[in-house]
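> no FASTA, just this:
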Ligand code: PEP
Ligand code: MG
């Protein structure tokens, strides 16, 4: 038995066998020598077979989560795979040109890419696009990866993991826990794990050297601890603790039926952040005011392709029918959220690169269909809002509004209905726009503060880098002052302002936001009950006074200590919940 320490980023207990994420890239050189052709063709055939299996399964998954209509596109792709000509063309390149299987595929992708850029007919373009998509999948399958295995009940162990891989793994069976070397509280893979309540520990140094495949693990996501090869007694104790925690959490859900009101009668709204439409059904049933942030880029990350306008229309419409209101955020692509299907430039510093709205403005073929789909979906219940990520300046807001007006004009000409009064808003997650919040508020209908990115840019610390991400402390007085300023300005202009970053999903932090004047919260689904419990058990006027005092303190750490002490005195029950869900993490993180 040994104990590994890391940072606790998603609470709870996970018990299972270690399963490593394998994603070895294929290592064939571009050219082969005579005599190696048969081996390359065999590899190619195997990769095609694997791709077929993957597509069949993806089709079933999409059918069961999104409905039959959405899976039609995969039928088209499966048909392409059956086309012997594709294999013949690739085989010919291997035999005649002595290309490796990878090189043959790359050459074919280039060929189709050339055709794609010349074709104007929409349907033909879609078809060429599908062929490219298939070729990329085959290329990926020439390398070794175990992503598509069943991950249920195992503990995923990896040095690092991409959000798209996390999404894929979860769709293949909910793992017990994640143990990672790389990552931070608001890294996207971690946000996903939190949304599904999967305990996660990051920052475990040399994780792949310290754990062996198949070893028994107990992951304590509350303490940031991983027990390797636990004793039988430890396993049974942790199983009992896991059951108790689960029962407590289930009981807590009762509170979702109560009105959204603080102890002193101040109303608030509590919405959720979602990544997959398939999450929606269960969440809607449990009780929420709606979706405050739909991270639509996950539609691309999971399917590894761009959904068409019609497909998006259906997804947004269905969601709008399940919830009282939904805020659809335009694709926030770039940085760690990329798909092979789309062109991205190599960037030295992707978090500060062409991401979010910047990418969309330079890829209008992606932007327009999405804006049109959101507008068209808004026609039915008029409960959809449109939101843009990563806005940096007022010019970008103006450009966004022009695109929306332009898309509305197109729809009018085509006789397609939309909500004329659809609300258009922005994420406030770049410091420059946070400083100009009152001028931004005049231009848009609402603001949503993305504390994950805003802290990363304010504190100049990569949110995904476990060595510096603890600096992104939302309780730091610098950040609290900025939040107070923004909330006040938005309220002065009578514009709705919410927080959808992970700060709102942390119990103590949510109470702090209430004290800073916030009334609209959008949180990770698994945290909904606890945040509701906290907000409805404290008094707004007490929190306001406590924050005023806290703001005079010098650091996030002091503020956190002070607030915890006060909570213990005034709201002991809530304090116990906070201690349970949020913990002193290893002395390494500064936040609760
Ligand atoms: C944020 O930055 O706080 C946010 C909600 O956006 P994302 O986490 O998707 O970058
Ligand atoms: Mg963001």
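Cool, the structure landed. Being a predicted model, the structure only gives us computed values, none of them experimental. Ligands and ions are numbered 1, 2, ... in the order given.

> the closest residue to ligand 2 within the stretch 51-200 of the chain: neighbour count?
Nearest residue of the stretch 51-200 of the chain to ligand 2 (C-beta to the ion) works out as residue 186 at 8.5 Å. (Each C-beta comes from the backbone N, C-alpha and C, glycine too.) By other C-beta atoms under 10 Å, 24 other residues sit near residue 186.

> so it makes contact with residue 463?
Yes - using C-beta atoms under 8 Å, residue 186 is in contact with residue 463, at 4.6 Å.

> so what sits against both of the two?
Here residue 186 and residue 463 share the contacting residues 452, 455, 456, 469, 472, scored by C-beta atoms under 8 Å, 6 or more residues apart in numbering.

> SS state for the third one?
At residue 456 the chain is in helix, as set by DSSP: H, G, I helix; E, B strand; the rest coil.

> with adjacent residues omitted, what lies nearest to it?
Spatial nearest neighbour of residue 456, excluding adjacent residues (C-beta to C-beta, 6 or more residues apart in numbering): residue 463 at 4.2 Å.

> next one: the second one
Leaving out its chain neighbours, the residue that sits closest to residue 455 by C-beta to C-beta, 6+ apart is residue 472, at 3.8 Å.

> so who does that neighbour touch?
Counted by C-beta under 8 Å, 6+ apart, residue 472 has contacts 184, 185, 186, 452, 455, 456, 459, 461, 463.

> that one and ligand 2: what is the separation?
12 Å (C-beta to the ion, to the nearest Å).

> quick check: phi and psi on that residue?
Here is the backbone geometry of residue 472 (degrees, to the nearest 10): phi -80, psi 60.

> repeat that for residue 13.
The phi/psi pair for residue 13 (degrees, to the nearest 10) is phi -110, psi 130.

> so it bridges to which residues?
residue 220 (DSSP bridges).

> that one and residue 244 touch, don't they?
No - in this structure, residue 13 is not within contact of residue 244 by C-beta under 8 Å, at 9.5 Å.

> look at the two and report which has more neighbours.
Ranked by neighbour count (other C-beta under 10 Å), residue 13 and residue 244 place residue 13 first, with 22 against 11.

> residue contacts, that one?
Contacts of residue 13 (C-beta under 8 Å, 6+ apart): 199, 218, 219, 220, 221, 222, 238, 241, 242, 245.

> the fifth one: how many residues sit nearby?
With neighbours defined by other C-beta under 10 Å, the count for residue 221 comes to 26.

> ok, it touching residue 202?
No - shown here, residue 221 and residue 202 do not form a contact pair, counting by C-beta under 8 Å, at 10.2 Å.

> common neighbours of those two, please.
Between them, residue 221 and residue 202 share the contacting residues residue 9, judged by C-beta under 8 Å, 6+ apart.

> quick revisit: ok but the residue nearest to residue 456 is inside a strand, no?
No - counting by three-state DSSP, residue 463 is located in no strand; its state is coil.

> how far away is it from ligand 1?
8 Å (C-beta to the nearest ligand atom, to the nearest Å).

> likewise residue 368?
Residue 368 is 22 Å from ligand 1, by C-beta to the nearest ligand atom.

> which residue packs closest to residue 99, ignoring adjacent ones?
residue 93 (4.7 Å).

> what packs against the helix or strand where the one you found lies?
Element membership of residue 93 [criterion: DSSP states H and E] is helix 84-97. Contact partners of helix 84-97 among helices and strands, from 3 or more C-beta pairs under 8 Å, 6 or more residues apart in numbering; DSSP states H and E: helix 37-66, helix 101-118.

> pLDDT of stretch 40-55, averaged?
In this model, stretch 40-55 has an average pLDDT of 86.

> tell me which residues of that stretch come out buried.
By neighbour count on 16 or more other C-beta atoms under 10 Å, the buried set for stretch 40-55 is 40, 41, 43, 44, 47, 48, 50, 51, 52, 54, 55.

> find me the pLDDT at the closest residue in space to the third one that isn't next to it in sequence, would you?
If the residues on either side of it in the chain are set aside, residue 43 comes closest to residue 101, at 5.0 Å by C-beta to C-beta, 6+ apart. On the pLDDT scale, residue 101 is placed at 89.

> and residue 101, how many neighbours?
Residue 101 has 26 nearby residues by other C-beta under 10 Å.

> go on, residue 114?
So residue 114, with other C-beta under 10 Å, has 10 neighbours.

> next one: residue 568
Neighbour tally, residue 568, other C-beta under 10 Å: 14.

> helix or strand next in line after the one helix or strand it maps to, which one?
According to DSSP H and E, residue 568 maps onto helix 556-570. Using DSSP H and E, the helix or strand that follows helix 556-570 towards the C-terminus is helix 572-581.

> returning to that earlier point: show me what contacts the residue lying closest to the residue of the stretch 51-200 of the chain closest to ligand 2 once chain neighbours are set aside?
Nearest non-adjacent residue to residue 186, counting by C-beta to C-beta, 6+ apart: residue 452, 3.7 Å away. When contacts are counted by C-beta under 8 Å, 6+ apart, residue 452 touches 186, 191, 429, 463, 472, 501, 502, 503.

> how about 7 Å then?
Residues counted as contacts of residue 452 (C-beta atoms under 7 Å, 6 or more residues apart in numbering) are 186, 463, 501, 502.

> just to check, residue 384 is in contact with residue 378?
Yes - with contacts counted by C-beta atoms under 7 Å, residue 384 reaches residue 378, the gap being 4.1 Å.

> what do these two both touch?
Joint contacts of residue 384 and residue 378 (C-beta under 7 Å, 6+ apart) are 419, 422.

> right, is stretch 390-405 up against ligand 1?
No - Stretch 390-405 lies out of reach of ligand 1 by C-beta under 6 Å from any ligand atom, never closer than 8.1 Å.

> quick check: domain ranges of this protein?
24-142, 231-267+429-592, 296-425 (automatic domain parsing).

> do you know how far the residue nearest to residue 99 is from residue 129?
21 Å (C-beta to C-beta, to the nearest Å).

> kindly report the same for residue 294.
For residue 294, the distance to residue 129 - C-beta to C-beta - is 24 Å.

> and for residue 120?
14 Å.

> likewise residue 417?
28 Å.

> higher neighbour count, these two?
More crowded of residue 417 and residue 129, by other C-beta under 10 Å: residue 129, with 18 against 12.

> pLDDT score for the more buried one?
For residue 129, pLDDT reads 71.

> a strand runs through residue 217, doesn't it?
Yes - Residue 217: assigned to a strand according to three-state DSSP.
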